[in-house]
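Kindly generate the corresponding structure for this input.
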Amino acid sequence: MKFNSLIPELSVSNIDKSKKFYLELGFKIKYERVENKFCFLELENNQIMIEEQNNNWNTGIMEYPFGRGINISMSISDVEKMYEDLKSKKIIFFQDLEIHSYNVGKITYEDKEFLIQDPDGYLLRFNN
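Numbers count the residues shown, from 1 in each chain. Coordinates of the predicted model:
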């Protein structure tokens with residue numbers, strides 16, 4: 001298995017609820033340690049780990065929404081199809097599909113992107 005250089009690990013309040021949510025988004029379980037309530041997930045080239053809170057690495061009190069101040073950006077090959085699939089599943093969007101322009105030096109890039117929150121409030125941004 002190839003591991004990305006950067007893989008976010010999210011503390012979650014309920015591993016089963018979070019696994020169900022991420023699987024509904026289209027993630028696949030690559031491996032899990034059930035006894036540790038840990039799961040490694042992948043969607044295309046995006047990898048993420050979730051683990052039920054265990055107070056091992058908490059730097060403060062965990063309260064909803066988790067991950068305040070960050071969003072996790074994930075490139076998807078067909079963001080419009082994913083958006084429509086999730087709409088049909090009645091997923092609630094934090095931000096609907098939009099096109100945003102980003103300047104990088106003298107080049108302007110356009111991204112189609114939408115955002116959702118996972119059950120613990122982590123902000124997930126899907127784009128292409």
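
Quick one: end-to-end distance for stretch 94-113.
11 Å (Cα to Cα, to the nearest Å).

Could you list the buried residues of it?
97, 111-113 (16 or more other Cβ atoms under 10 Å). All C-beta atoms are positioned from the backbone trio N, CA, C, and that covers glycine.

Now pLDDT too, for the residues you listed, in a markdown table please.
Conversion of these to a markdown table gives the following (pLDDT from 0 to 100):
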| residue | pLDDT |
| --- | --- |
| Leu97 | 98 |
| Asp111 | 94 |
| Lys112 | 97 |
| Glu113 | 97 |
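
In TSV: the residues you listed, plus secondary structure and distance to Asp85.
Converted to TSV, the buried residues of stretch 94-113 look like this (DSSP: H, G, I helix; E, B strand; the rest coil; distance: Cβ to Cβ, whole Å):
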residue	secondary structure	distance to Asp85
Leu97	strand	12
Asp111	strand	19
Lys112	strand	15
Glu113	strand	15
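
now Phe126, which residues is it bridged with?
Met74, Phe114 (DSSP bridges).

Next one: it from Ile76, what distance?
5 Å (Cβ to Cβ, to the nearest Å).

that older thread, the buried residues of stretch 94-113 into CSV, with extra columns for distance to Asn55?
Putting these into CSV (distance: Cβ to Cβ, whole Å) gives the following:
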residue, distance to Asn55
Leu97, 38
Asp111, 37
Lys112, 39
Glu113, 34
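
Could you identify the most distant pair in those?
Leu97 and Asp111 (10.6 Å; Cβ to Cβ).

quick one: furthest residue from the center of the chain?
What lies farthest from the middle of the chain is Lys106; by Cα atoms, centre = their mean that is 30.1 Å.

what sits in contact with each of Phe126 and Ile76?
Met82 (Cβ atoms under 8 Å, 6 or more residues apart in numbering).

who has more neighbours, the two?
Phe126 (24 against 20; other Cβ atoms under 10 Å).

Could you confirm Thr108 falls within a helix?
No - counting by DSSP: H, G, I helix; E, B strand; the rest coil, Thr108 is not found in a helix; it is strand.
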